[in-house]
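Novice: 3D model of this:
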Amino acid sequence: MKLHELRDNEGATKKRKRVGRGPGSGTGKMGGRGIKGQKSRSGVAINGYEGGQMPLYQRLPKRGFTKPNRKSYTVINLGLIQKFVDAGKLDAKSTITEDLLVESGLVRRKLDGVRVLAKGDVTSKLTLEVTGASKSAVAAVEKAGGSLKVTAPAEVEAEA
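Specialist: Residues are numbered from 1 along each chain as shown. Here you go, the predicted structure:
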C-alpha cells in the first residue's frame, strides 16, 4: 500500500449538505427552512422564549438545595474487582488501594474517593483499603476470608 492509495472505508464519510444551491440540489430556493415566519429568517434564537409571556421554567416553583461542597465518590462493585483479580490485572495477595484500582484501569478517576458496593460475588481473599464501603460489601469480603478497611478521605485528614 502506498500513501496515495489510502482511503476511508466505504460509507465512513458523508458529503456536506450544501443548502441553497439551486433546485436540482433538493435544498434550493428556501434551503429547507420552509416559507416565511421567524424560523425562516436569520439571527433567530428561540430556546425557551415564549414571546413576552413568563417562560415555563420561570413559572415553576424552585425547590431543594444543592450542597456546594458535596462529596462525589467513584462507585465500584465487588464483582468487578473479582473479575480483575481473575484476569490477573489486580494482585489478590497485596493490599488493593484506590491508586492500584486506578492503575489497573478498573476505576478511571478517584474523585473524592472510592466506595465499594456488594454487587457480585467474591471468591478470593482480598485486602481492600478504600474511602467508603457498604455494610453488605464489608460482610461479603469478610465472609470470603479477606478484610475491607475504610479510611478517611485525604482532604479531611489534611484539614484536621
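
Novice: Okay, now the unreliable bits of the protein?
Specialist: 153-160 (pLDDT under 70).

Novice: How about the contacts made by residue 97?
Specialist: Residues in contact with residue 97 (C-beta atoms under 8 Å, 6 or more residues apart in numbering) are 129-130. C-beta here means a position set from N, CA and C on the backbone, and glycine is covered the same way.

Novice: Swap in 6 Å and give it another go.
Specialist: Neighbour list for residue 97: residue 129 [criterion: C-beta atoms under 6 Å, 6 or more residues apart in numbering].

Novice: quick one: it from residue 70, how far?
Specialist: 24 Å (C-beta to C-beta, to the nearest Å).

Novice: What about the closest residue to residue 19 other than its chain neighbours, how many residues nearby?
Specialist: For residue 19, ignoring the flanking residues on the chain, the nearest one in space by C-beta to C-beta, 6 or more residues apart in numbering is residue 31 at 4.1 Å. Neighbours of residue 31 under the rule other C-beta atoms under 10 Å: 14.

Novice: same question, residue 41
Specialist: There are 9 residues near residue 41, going by other C-beta under 10 Å.

Novice: try the one 4 residues further on
Specialist: Residue 45 sits with 6 neighbouring residues when counted by other C-beta under 10 Å.

Novice: Is it in a helix, a strand, or coil?
Specialist: Following DSSP: H, G, I helix; E, B strand; the rest coil, we place residue 45 in the coil state.

Novice: Only the C-alpha atoms, please, for stretch 135-153, written as CSV.
Specialist: This file holds the C-alpha atoms of stretch 135-153, laid out as CSV (Å, rounded to 0.1, in the frame of the first residue of the first chain):
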residue,chain,number,x,y,z
LYS,A,135,-22.1,-2.8,55.2
SER,A,136,-23.0,-5.7,52.9
ALA,A,137,-19.8,-5.2,51.0
VAL,A,138,-17.7,-5.4,54.2
ALA,A,139,-19.6,-8.5,55.2
ALA,A,140,-19.1,-10.2,51.8
VAL,A,141,-15.3,-9.6,51.8
GLU,A,142,-15.0,-10.9,55.4
LYS,A,143,-17.1,-13.9,54.5
ALA,A,144,-14.6,-14.7,51.7
GLY,A,145,-11.8,-14.5,54.3
GLY,A,146,-10.5,-11.1,53.4
SER,A,147,-10.6,-7.7,55.0
LEU,A,148,-12.0,-4.3,54.0
LYS,A,149,-10.6,-1.2,55.7
VAL,A,150,-12.5,2.1,55.3
THR,A,151,-10.1,5.0,55.5
ALA,A,152,-11.0,8.7,55.9
PRO,A,153,-10.8,10.8,52.7
